[in-house]
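> below are the sequence and a predicted model for it; my questions follow.
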Amino acid sequence: MRPIGTLVISVAIVAALSISLSRAAETPPAPATEPNAPPASSVTVTPKDATPPPSVTIIGASDAHGMLGRDVLSAANEDMGRIVDVIVDRSGRVRAAVIDFGGFLGVGSRKIVVDWNALRFGKIVNKKDSITLELTKAQVAAAPEYKEDTPMVVLGASGNLQPLQAAP
């Protein structure tokens with residue numbers, strides 16, 4: 001027979017071991033490190049094929065403005081519609097603007113393509129300012145309608161728009 005004091009000490013040791021083991025199971029093990037490795041927070045990893053960061057340009061709020069949805073007026077202050085799209089060539093150069101012309105509240109309107117160089121942006125200060133088109137309302141009204149994925153007729157005030165290059 002064991003003395004009662006030994007039994008109490010044995011139960012206390014078993015209880016302490018079981019508490020210690022349960023706490024160890026809750027705590028994730030520390031990551032293995034090499035003996036002379038620097039701490040993980042100071043190691044910079046750069047993949048061999050990493051791309052450099054992009055360049056950044058800051059444009060002042062008064063130096064550039066969005067064009068889509070802008071009202072277009074003639075030089076005689078006639079309502080010519082609103083810009084609904086921008087046409088670019090394969091190199092990404094802006095060539096023309098698509099104007100939703102005529103109609104009332106979008107009913108009866110037609111899309112007309114005008115040379116980007118026929119637009120004047122001088123008076124744009126805020127979103128409500130309009131763009132001036134160097135064409136008359138009669139010239140734009142006589143233009144054929146623009147339909148996507150078909151050849152387009154581009155109206156130009158000076159007639160200097162060069163044709164788009166044919167696909168190779």
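Thanks, I have it. Residues are numbered from 1 along each chain as shown.
> which residues sit against stretch 67-82?
Contact with stretch 67-82 is made by 83-86, 97, 99-102, 109, 112, 119, 124, 127, 129-137, 140, as judged by C-beta atoms under 8 Å, 6 or more residues apart in numbering. Any C-beta I mention is one placed from the backbone N, CA and C, and that applies to glycine too.
> list the buried ones in the lengthiest strand in the chain?
Determined from DSSP state E, the single longest strand within the chain is strand 79-88. Neighbour counts over strand 79-88 (16 or more other C-beta atoms under 10 Å) mark 80, 81, 82, 83, 84, 87 as buried.
> for residue 145, give me its contacts.
110, 111, 112.
> how about 6 Å then?
residue 110 (C-beta atoms under 6 Å, 6 or more residues apart in numbering).
> in which helix or strand does it reside?
When elements are assigned from DSSP states H and E, residue 145 belongs to no helix and no strand.
> report pLDDT for it.
Residue 145 carries a pLDDT value of 93.
> how far away is it from residue 127?
Plainly put, residue 145 is 27 Å away from residue 127 if you go by C-beta to C-beta, to the nearest Å.
> repeat for residue 75
22 Å.
> so these two - more neighbours on which side?
Comparing residue 75 with residue 127 by other C-beta atoms under 10 Å, the one with more neighbours is residue 75, at 12 against 9.
> next SSE after the lowest-mean-pLDDT helix or strand in the chain?
When the helices and strands of the chain are scored by mean pLDDT, DSSP states H and E, helix 4-26 comes last with a mean of 47. Scanning forward in sequence from helix 4-26 by DSSP H and E, the next helix or strand is strand 71-74.
> flag every buried residue along that following strand.
For strand 71-74, burial by neighbour count (16+ other C-beta under 10 Å) applies to 72, 73, 74.
> same list as before, those residues that is, but in a markdown table and with distance to residue 50 included.
Below are the buried residues of strand 71-74 laid out as a markdown table (distance: C-beta to C-beta, whole Å):
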| residue | distance to residue 50 |
| --- | --- |
| 72 | 45 |
| 73 | 50 |
| 74 | 52 |
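> and the protein, what are its domain boundaries?
The chain breaks down by automatic domain parsing into domains covering 4-34, 71-155.
> compare the mean pLDDT across those domains and name the weakest.
Mean pLDDT is lowest for domain 4-34 out of the domains of the chain, coming in at a mean of 49.
> what is the end-to-end distance of stretch 52-72?
Using C-alpha to C-alpha, to the nearest Å, the end-to-end distance of stretch 52-72 comes to 41 Å.
> ugh, wrong one, I meant stretch 142-150
Taking C-alpha to C-alpha, stretch 142-150 runs 18 Å from one end to the other.
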